[in-house]
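K.L.:
Sequence first, then the predicted structure:
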Amino acid sequence: QVHLVESGGGLVQAGGSLRLSCAASGRTFSDYTMAWFRQAPGSERDLVGVVSMSGLSTYYVDSVKGRFTISRDNAKNTVSLQMNSLKFEDSAVYYCAASSGTVAVASAMDYWGKGTLVTVSS
């Protein structure tokens, strides 16, 4: 079992920045691919980005590429999402998720946090 707890959400003006963090406990953190997803009201839960088990590889969806950065610290069992140049459409509940595999789609994630709300005012 892996327990994930997100933090860092809040209200920010468009163009601003937020840094989300996810603290993991339980099994060996470095055995898991970590991902951030987000879900806006009335929408599906969508992938934002992924970081590999080693932290050496990352992937971002086009809508956040160049603005968001995912990083992980396997010594501290944390993964972060640095969000810059935030837009109104980035408003959503952001979820941290862990997968024992290498494919980061919602249905393949093994563990989820409860989410943290990000609201971007226009």
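P.N.:
Sure, I can see it. Because the structure is a prediction, the values reported are computed rather than measured.

K.L.:
neighbouring strands for the helix or strand hosting residue 25, and are they parallel or not?
P.N.:
In the assignment (DSSP states H and E), residue 25 maps to strand 18-26. If you go by DSSP bridges, strand 18-26 pairs up with strand 2-7 (antiparallel), strand 78-83 (antiparallel).

K.L.:
Please name whichever of the ones you listed is nearest to residue 93.
P.N.:
With respect to residue 93, and counting by Cβ to Cβ, the nearest of the strands paired with strand 18-26 is strand 2-7 at 9.1 Å. In short, each C-beta sits where N, CA and C put it, glycine included.

K.L.:
Residue 61 contacts residue 38, correct?
P.N.:
No. In this structure residue 61 lies outside contact range of residue 38 using Cβ atoms under 8 Å: 9.7 Å.

K.L.:
of the two, who's got more company?
P.N.:
residue 38 (22 against 13; other Cβ atoms under 10 Å).

K.L.:
Follow the chain on from the strand holding residue 25 and name the next helix or strand.
P.N.:
Strand 18-26 is succeeded, C-terminally, by strand 33-39 (DSSP H and E).

K.L.:
Contact partners for the nearest residue to residue 67 once chain neighbours are set aside?
P.N.:
Using Cβ to Cβ, 6 or more residues apart in numbering and skipping residues adjacent in sequence, the residue nearest residue 67 is residue 85, 4.7 Å away. Neighbouring residues of residue 85 by Cβ atoms under 8 Å, 6 or more residues apart in numbering: 15, 17, 67.

K.L.:
Of the residues you listed - the most surrounded one?
P.N.:
residue 67 (15 neighbours).

K.L.:
residue contacts, that residue?
P.N.:
Counting by Cβ under 8 Å, 6+ apart, residue 67 touches 83-86.

K.L.:
again, only using 7 Å
P.N.:
83-85 (Cβ atoms under 7 Å, 6 or more residues apart in numbering).
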